[in-house]
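**Q** 3D model of this:
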Amino acid sequence: MAGKSARTIEIGWRDPFDVAKSLADVPGFAFLDSALFHRKLGRYSFIGIDPFGTLTVTNGRTAWNGEALDAPPLEALRDLLRQYSLVADPALPPFQGGVIGAIPYEFGWQLEILRAQDHVVEAEPVHLAFYDLILAFDQLERRFFIFSSGFPEQDEKRERRAAARIEEALALIDRPRGSPKASSVNAAFPSADWRSNFTAGSYHAAIEKVRAHIFAGDIYQANIAQRFEADLPEDFSGFGFYERLRQVNPAPFGAYLSFGDTIIASSSPELLLRKRGIIVEARPIKGTAARSRDLREDVHRGEVLLASAKDRSENIMIVDLLRNDLSLVCRPHSVEVPVLCGLESYANVHHLVSVVTGELGEGRDESDLIAAAFPGGSITGAPKRRAMEIIEAVEQTPRGYYCGTILYIGFDGTTDMNIAIRTVVLKPGKARFHAGGGITWLSDPAAEYAETYDKAQRIFDAFATGHIQEQPELEKTLQ
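**A** The predicted structure follows:
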């Protein structure tokens, strides 16, 4: 383990979800799930269990394993990642130990570029767990690895801990089936139980308020969401629900995190930021059309979306915002747009997706990236700060983890951050999720309201009672 690399073993291939199912009751369980396979975007899945430390931010206060820190959140994150740095093997899956966690949307108000005196609302804490033990799955080559860094120990103690931790992992995944409480007990309830913070009329009125701000020149666009809530039965299984969600709405950036009394179940199609070495990539989504089970009609809907002037202009505005965000931390003239308004297709919707890339500037790191680009422009609007102020006034309820990020940051700096859309937060007896869309001057209120339900439908399906029907192959392909 010279040079602070992780101890690594490879064992016979196992399906990532089957392994996750056997580990879901282990403390600190985190599953980063590429349920929709794609050679680049959805190749790897990762499981972390039993973290050795947790960095939290609650009401603006930073803590490490419950003890208060003087450093601001992103400085504390930077210091800890330096303390536990390692050298990763580039021939193996990219995440070999590090941070897995979630940052809520409202954390953006704590960042210097967005900070304002009157914005201290915090619905959920920042929760970043540090994992010395990672199970990694290469779904392209069908290879399964276990990594252990041995942290927080150092030197010989670290090597001994790493070996012991791998043995622990092997014992856990070979436990007799049925022992963990991850088995799918009740994971459904009647869909009629859902409540929204908007009616159709009040959502239409909210869109008109946004359009008025656009007409006044305050913003170019803003993303407005409605929040759905429901009560859950006592025997509701969070992991059982996630199993249903990944069946009906497979996504390349899916995740299931369990910490405290909170479960986050995400089937996000959107990448906020990816960092490999100094190369940074963002993939903003703007533009949505419902899919059809009829293949010819489905292709036609994708073509209409590609030709939509409204959706393309919306996407291009967010690309410009992201170019500006990344330029704050990237080398001069390195920010490029290799894909503009490409079509990607998911279980229930087509999306327009662009790609923005850059080279991180000297001395810049993952904390700088978060400070520059969080929250993602595709789920705020442009300009970002004013759009966020309008969102807060119109929605009148915190977003929490919705439109924040679920992420990993490796001890070597490798980073993937999704945008937490198509994401459900489960707490004892309660379920909550949001669905929204970008509003521009050309927005039609009825169409925008319908779009929120297009996006929400597969989550409703995952909660609904009854058998989940297998989806047609055309609905499983990320193009």
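
**Q** this protein: helices as residue ranges?
**A** For the chain, applying DSSP state H gives helices covering 16-23, 73-83, 155-173, 200-215, 238-248, 295-307, 309-327, 366-373, 384-395, 445-463.

**Q** any buried residues in the fourth one, and which?
**A** In other words, helix 200-215. Of the residues in helix 200-215, Tyr203, Ala206, Ile207, Val210, Arg211, His213, Ile214 count as buried by neighbour count, 16 or more other CB atoms under 10 Å. Where C-beta positions appear, they are placed from N, C-alpha and C, glycine not excepted.

**Q** list the helices and strands the one helix or strand in the chain whose mean pLDDT sits lowest packs on?
**A** Ranking every helix and strand in the chain by mean pLDDT, DSSP states H and E puts strand 285-290 at the bottom, with a mean of 88. Packed against strand 285-290, as judged by 3 or more CB pairs under 8 Å, 6 or more residues apart in numbering; DSSP states H and E, are the following elements: helix 295-307, helix 309-327, strand 349-359, helix 445-463.

**Q** coming back round to it: between the buried residues of helix 200-215, which is nearest Gly98?
**A** Set against Gly98, the nearest of those by CB to CB is Val210 (38.6 Å).

**Q** so can I have CSV of the buried residues of helix 200-215 showing pLDDT and distance to Glu314?
**A** Formatted as CSV, those follow (pLDDT from 0 to 100; distance: CB to CB, whole Å):
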residue, pLDDT, distance to Glu314
Tyr203, 96, 18
Ala206, 96, 17
Ile207, 96, 14
Val210, 97, 13
Arg211, 96, 13
His213, 97, 15
Ile214, 97, 12
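
**Q** can you redo the helices of the chain as TSV with distance to Arg115?
**A** Below are these laid out as TSV (distance: least, CB to CB, whole Å):
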stretch	distance to Arg115
helix 16-23	38
helix 73-83	12
helix 155-173	38
helix 200-215	21
helix 238-248	34
helix 295-307	37
helix 309-327	16
helix 366-373	11
helix 384-395	9
helix 445-463	30
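
**Q** okay, now Leu306: neighbour count?
**A** 16 (other CB atoms under 10 Å).

**Q** one more: Asp261?
**A** 9.

**Q** and His300, how many neighbours?
**A** Count around His300 with other CB under 10 Å applied: 13.

**Q** now do the one 5 residues further on
**A** When neighbours are defined as other CB under 10 Å, Leu305 has 21 of them.

**Q** got a list of what the residue nearest to it when sequence neighbours are not counted touches?
**A** In space, and not counting its chain neighbours, Leu305 is closest to Ala289: 4.2 Å by CB to CB, 6 or more residues apart in numbering. The neighbours of Ala289, taking CB atoms under 8 Å, 6 or more residues apart in numbering as the test, are Arg301, Gly302, Val304, Leu305, Val349, His350.

**Q** pull the contacting residues for the nearest residue to Gly48 once chain neighbours are set aside.
**A** In this structure, Gly48 finds its nearest non-sequential neighbour in Tyr131, 3.8 Å apart by CB to CB, 6+ apart. With contacts defined as CB under 8 Å, 6+ apart, Tyr131 is in contact with Gly28, Ala30, Gly48, Ile49, Asp50, Pro51, Phe52, Gly97, Gly98, Val99, Ile100.

**Q** quick one: which of these is the most crowded by neighbours?
**A** Gly98 (32 neighbours).

**Q** tell me the bridge partners for it.
**A** Tyr131, Gly410 (DSSP bridges).

**Q** test my guess that it contacts Tyr408.
**A** Yes: contact status for Gly98 versus Tyr408: in contact at 6.1 Å, counting by CB atoms under 8 Å.

**Q** shared neighbours, the two?
**A** Thr414.

**Q** indicate which one of the helices and strands packed on strand 285-290 is closest to Ile11.
**A** Here helix 445-463 is closest among these (CB to CB), at 31.2 Å.

**Q** what's the angle from that closest one to strand 349-359?
**A** Between helix 445-463 and strand 349-359, the angle comes out at 90 degrees (axes from the mean of the first three to the mean of the last three CA atoms, to 10 degrees).

**Q** can you count the residues close to Ser266?
**A** Quick note: Ser266 (other CB under 10 Å) scores 29 neighbours.
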